[in-house]
Structures are given as structure tokens and as C-alpha cells.
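Trainee: No sequence on hand, only this structure:
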Ligand SMILES: [Zn+2]
């Protein structure tokens, strides 16, 4: 599933090719993904220019505000979505649902499982769009640090791992990144949010930031492949310490990595060194 680092790498990869380019047409081959695809996209978008691409959580926000009647295109890759740049007139394959046409390239959205989303926000204030309005803090923003995490968890009795994965609190920390960050900070995924000290909140916030940053850097080397080739997830292979390693030795203490279920998801952790 595309996570924050994959979406960020897509953003960085697409930006130089699309920034300043005018949309010359839109082809929609599917009436709906997770939501209905807005009607009349071709008429609305043709002639608009891409002024930039932002990311909010796992949404890519394509800024098409310049010129009258502009707005923002919101793209979410869901479970299986990918974006590719292909040469104009490249035949569409089975799961290629939407094409954004430019003079020299085509931005193609493929999504076999159709859990992704493509939405249009008319006007400038995209952060007020219903899909974004409830989203929590960005973990790579300056505001996200130990003091923020400490304050945000004082009234939270739930275990820290599902809290970290709650996008209303903090966005873009998926299952792998939550497990790896908690291990890096030596915090147990079972510990109640409000039972983590200010100092350990600082360690955890740093661990989240460095885990996400390392993954973006790993993907960064494959940006060209990511946006040009078969649309695969690129090279995001983190050297995982605990995720997917149940029964194997913890790289820190050599204790056995355990897997449990939390909020319907698998949680991998080391009971010996995570407290
Ligand atoms: Zn350990």
C-alpha cells in the first residue's frame, strides 16, 4: 500500500515534469473509485496550468489555481494505486482509470483495487476540503516534536501504536512505520499514550521523523523508475528491525520479535527492549 514516503517520492518525482505545464485534456475511463469521479473533469481542467504539487497526509494535491475557475485536484492512491508518466497515445491497460493529458506527457492513474480517490476542489482553500479538514499534524513538519506528542497524548488512554496510526491525530504513519519507529524509540506498542514521559515522547517523535525520512531517501534514488516504468512501488525496502520478522532475533537485544493483533492490524515488536 502506498504510504507517506511513497506519496512524497511521487510528488518530488512528478513535480519537475508537470510544474508549469498546461492540461490539454482529461480521459476518465471509470465512473468511480472509492468515490465517484467528478463529472465534467475534462471541461473543468482543460486549459488550466499545474502551478505546483503539495502533499497532505497521503493525498497528492495538484495546484491548478492560476487562471479563472481554478482549483485543486486531490489524488489518493488507496491500496493499490500508482501514478505514472507515459508518452502521449500510450494504449491504456485494464486498470488505467484516469489520464491527465499534457502536451509532452500523460499522467496516468492505475488502481486495480479501486480504493483510491480522485477529487476536485474548486477555489483556493483546499485544506478545508472534507477529505482533508479532519487530518492531524504532518509528522515531517516543524511543529511535530516531542512536546507536541506529549501534549497530544495526555488524555489518551489507548495504546500508542493505534494512536500513531490515527490520521486525525497525526497523518501518514502506516503499520510498518509505526512498528519501526516504536522499536527505534524502545517504546512498547501496548503502552498507553498518556503513560509515555515527555522525554520518551521526544525520542518517539525523532524516531518517527527519521524512519519516514530514511524511507523517502531510499525511494528518492528510484524516482525516475517510479514515475516512468511500470508503476511499481519503487525501492522502499527499509531494513526492518521488527516488521515482518516474527520469531526472528531483535537486532538490538537478540530477543525474539513477537507479533500480536492491535486494532485489527498486526503489530511486530520486541517485548524485551520495548517498554
Ligand atoms: Zn529487542
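Mentor: Received it, and whenever you're ready, just let me know what you need. None of the values given here were measured: they were computed from a predicted structure. Residues are numbered from 1 along each chain as shown.

Trainee: drop to CA atoms for contacts and neighbour counts, all remaining ones
Mentor: OK.

Trainee: Contact partners for the residue of the stretch 101-250 of the chain found nearest the ion?
Mentor: In the stretch 101-250 of the chain, the residue that lies nearest the ion is residue 250 (4.5 Å; CA to the ion). Neighbour list for residue 250: 241, 242, 256, 257, 270 [criterion: CA atoms under 8 Å, 6 or more residues apart in numbering].

Trainee: Farthest pair within these?
Mentor: Spatially, the most separated pair among the contacts of residue 250 is 241 and 256, at 11.4 Å (CA to CA).

Trainee: Among these two, which residue is more densely surrounded?
Mentor: Using other CA atoms under 10 Å as the criterion, residue 241 and residue 256 rank with residue 241 on top: 21 against 18.

Trainee: mind checking how far stretch 183-191 is from the chain centre?
Mentor: Relative to its chain's centre, stretch 183-191 lies at 22 Å (CA atoms, centre = their mean, to the nearest Å).

Trainee: tell me the mean pLDDT over it?
Mentor: Averaged over stretch 183-191, pLDDT sits at 98.

Trainee: and the stretch 151-275 of the chain, which residues reach the ion?
Mentor: Contact residues (CA under 5 Å from the ion) of the stretch 151-275 of the chain with the ion: 250, 252, 253, 270, 273.

Trainee: so where's the stretch 101-250 of the chain shaky on pLDDT?
Mentor: Low-confidence segments of the stretch 101-250 of the chain (pLDDT under 70): 220-238.

Trainee: same thing but 90
Mentor: Applying pLDDT under 90 to the stretch 101-250 of the chain picks out residues 174, 215-240.

Trainee: Give me the helices and strands touching the one helix or strand residue 183 maps to, please.
Mentor: Using DSSP states H and E, residue 183 sits within helix 175-185. Judged by 3 or more CA pairs under 8 Å, 6 or more residues apart in numbering; DSSP states H and E, the packing partners of helix 175-185 are helix 160-164, helix 198-220, strand 265-269.

Trainee: Quickly list the domain ranges of this protein.
Mentor: Using automatic domain parsing, the domain parsing of the chain gives 4-133, 146-269.

Trainee: can you redo those as JSON lines with distance to residue 139?
Mentor: Converted to JSON lines, those look like this (distance: least, CA to CA, whole Å):
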{"stretch": "domain 4-133", "distance to residue 139": "9"}
{"stretch": "domain 146-269", "distance to residue 139": "6"}
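
Trainee: so which of those comes closest to residue 140?
Mentor: domain 146-269 (6.0 Å).

Trainee: and the end-to-end length of that closest one?
Mentor: In domain 146-269, first residue to last residue: 21 Å (CA to CA, to the nearest Å).

Trainee: for it, the distance to its chain's centre please.
Mentor: 14 Å.

Trainee: now do stretch 103-122
Mentor: 15 Å.

Trainee: Provide the contact partners of that stretch at residue level.
Mentor: 21-24, 33-35, 37-38, 69-88, 95-101, 129.

Trainee: are any of those buried, and which?
Mentor: Using 16 or more other CA atoms under 10 Å as the burial test, these include 21-24, 33, 37, 70-78, 80-86, 96-101 as buried.

Trainee: Intersect those residues with the contacts of the ion.
Mentor: The subset of the buried ones among the contacts of stretch 103-122 within reach of the ion, by CA under 5 Å from the ion, is empty.

Trainee: What about these, which are in strands?
Mentor: 23-24, 71-76, 82-86, 96-101 (DSSP state E).

Trainee: mind listing the strands for the stretch 1-150 of the chain?
Mentor: Applying DSSP state E, counting those that start in this stretch to the stretch 1-150 of the chain gives strands spanning 23-28, 52-56, 59-64, 71-76, 82-86, 96-102, 106-110, 117-122.

Trainee: Could you dump these into a markdown table and include distance to residue 46?
Mentor: As requested, these are arranged in a markdown table below (distance: least, CA to CA, whole Å):
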| stretch | distance to residue 46 |
| --- | --- |
| strand 23-28 | 5 |
| strand 52-56 | 16 |
| strand 59-64 | 10 |
| strand 71-76 | 12 |
| strand 82-86 | 18 |
| strand 96-102 | 9 |
| strand 106-110 | 13 |
| strand 117-122 | 13 |
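
Trainee: Report how many residues lie close to residue 134.
Mentor: Other residues near residue 134 number 13, with proximity taken as other CA under 10 Å.
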